[in-house]
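> Quick check, what structure comes out for this input:
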Amino acid sequence: MADSISSAIDSSNPFFIAPFDNLSSILITNPFNGIGFASWKRSMILSLAAKNKLSFVDGTISEPTITSSSYSAWFRANSMVISWILNSLSKNIADSVLFLNIAQEIWLQLNQRFEQPDGALIYQIQQQLYSTSQGSEDFTTYFTKLTQIWEELCLVQAIPPCSCEVASKINQFFFEEQRLIQLLMGLDDSYKVVCGQILITKPLPTVSTAYSLILQEERQRGINTSTPINTDIIAMNASVENSPMSKKSLVCNHCKKHRHTKSQCYLLHGFPANFKFTKSKREEPKSTVQNDVVDSNSSIS
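Below you'll find the predicted structure:
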């Protein structure tokens, strides 16, 4: 029955429900929890407009009478929009508007409760803006956080567009310069050099250009960073290798003796010049006897 109703409605009609639309759809990744209503509202407006359902919350479409031929289609689409709104709210807030039957009523209720006066909201956003700093975060994370605050401030500060091209460029340059200074103010102190280079540039670069320069600096640091040599570990390993206890565990594969390895075996590589033979005295008589034999042989001949 529901599919037949949708097929009978033109896709440009707000009552039309697309085949891929369902009650469990989530229009916004981060549910609204009471903080940042302006940005949440902006995201919901864009999402509902993309689905051609914004008219259910802005008052364009009113509830038809129950006897109207369009009531069934309205009821179905209205229920779908209510589900999307509830899915975009935290559980506590969603429970507080759960029993409202019309999407517009829920929308108005949320606006009355969470939409602040412009002055107070601007003060709150500006305070958040100037207290935001990089801290221990990487530059990209810090920049993303700052960009979200700038966008929210733009939504609140509804600056009327100027028809004069010159004045429009001046305003754009002013806001770009303000954002650049705010970006540099919150950077970690380790970026002082690149900040100084940006500030002495005439004219000042755009935020996008500054972003590229700072990101390049961060990547260059990652390339130049090498693993430091731990001299304590090297010294400890050397002392272990030279200790008497470690030498006892060594066995030569050539002579099968202990306290040295094949690479250190004198029988293979020769004895050093300052090596002291421990059995030299015992071998002296043998060498004397050999000399006597040689002498006797020479006299016989």
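
> Would you check that residue 128 makes contact with residue 150?
No: using CB atoms under 8 Å, residue 128 is not in contact with residue 150; the gap is 10.9 Å. Where C-beta positions appear, they are placed from N, C-alpha and C, glycine not excepted.

> helix or strand for the nearest residue to residue 15 once chain neighbours are set aside, which one?
Nearest residue to residue 15, sequence neighbours excluded (CB to CB, 6 or more residues apart in numbering): residue 73, at 4.0 Å. When elements are assigned from DSSP states H and E, residue 73 belongs to helix 71-87.

> Need the mean per-residue confidence for that helix.
Rounded to a whole number, the mean pLDDT of helix 71-87 is 94.

> if we can go back for a sec, so the residue nearest to residue 15 versus residue 48, what's the distance?
Counting by CB to CB, to the nearest Å, the gap from residue 73 to residue 48 is 17 Å.

> Point out where the chain drops to low pLDDT.
1-8, 116-118, 158-163, 223-249, 273-301 (pLDDT under 70).

> mind listing the helices for it?
Secondary structure of the chain (DSSP state H): helices located at 2-7, 37-50, 71-87, 91-96, 103-114, 118-130, 139-156, 165-185, 192-199, 207-224, 231-242, 244-248, 266-269, 280-300.

> from these, which stretch is densest packed?
Comparing the helices of the chain by mean neighbour count (mean count of other CB atoms under 10 Å), helix 71-87 ranks first with a mean of 19.

> What lies in contact with that helix?
Contact with helix 71-87 is made by 2, 5, 9, 14-17, 21, 23-27, 31, 44, 47-48, 53, 56-57, 61, 63-65, 68, 94, 97-98, 100-103, 106-107, as judged by CB atoms under 8 Å, 6 or more residues apart in numbering.

> Repeat the analysis, applying 7 Å as the threshold.
Helix 71-87 has contacts (CB atoms under 7 Å, 6 or more residues apart in numbering) with 2, 5, 9, 14-15, 17, 21, 23, 25-27, 53, 56-57, 63-65, 94, 98, 102-103, 106.

> Just the buried subset of the residues you listed, please.
When the contacts of helix 71-87 are checked for burial by 16 or more other CB atoms under 10 Å, the buried set is 9, 14-15, 17, 27, 53, 56-57, 63, 94, 102-103, 106.

> on that earlier part again, just how off-centre is the helix holding residue 73 within its chain?
Relative to its chain's centre, helix 71-87 lies at 37 Å (CA atoms, centre = their mean, to the nearest Å).

> Number the chain from 24, please
That works, and once the first residue is 24, the last one we named lands at helix 94-110.

> got the angle between that helix and helix 60-73?
Helix 94-110 and helix 60-73 meet at an angle of 150 degrees, taking axes from the mean of the first three to the mean of the last three CA atoms, to 10 degrees as the criterion.

> between helix 94-110 and helix 126-137, what angle do the directions make?
Following the same axes, to 10 degrees, one obtains 30 degrees for the angle between helix 94-110 and helix 126-137.

> mind saving the C-alpha coords of helix 94-110 as PDB?
Written as PDB, here are the backbone C-alpha positions of helix 94-110 (Å, rounded to 0.1, in the frame of the first residue of the first chain):
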ATOM      1  CA  TYR A  94      -3.600  13.100   4.400                       C
ATOM      2  CA  SER A  95      -2.200   9.600   4.100                       C
ATOM      3  CA  ALA A  96       0.800  10.800   2.000                       C
ATOM      4  CA  TRP A  97       1.400  13.700   4.400                       C
ATOM      5  CA  PHE A  98       1.200  11.500   7.400                       C
ATOM      6  CA  ARG A  99       3.700   9.100   6.000                       C
ATOM      7  CA  ALA A 100       6.200  11.800   4.900                       C
ATOM      8  CA  ASN A 101       5.700  13.700   8.200                       C
ATOM      9  CA  SER A 102       6.500  10.500  10.200                       C
ATOM     10  CA  MET A 103       9.600  10.000   8.200                       C
ATOM     11  CA  VAL A 104      10.900  13.500   8.900                       C
ATOM     12  CA  ILE A 105      10.100  13.100  12.600                       C
ATOM     13  CA  SER A 106      12.300   9.900  12.600                       C
ATOM     14  CA  TRP A 107      15.100  11.700  10.900                       C
ATOM     15  CA  ILE A 108      15.000  14.500  13.400                       C
ATOM     16  CA  LEU A 109      14.900  12.100  16.400                       C
ATOM     17  CA  ASN A 110      17.800  10.100  15.000                       C
END
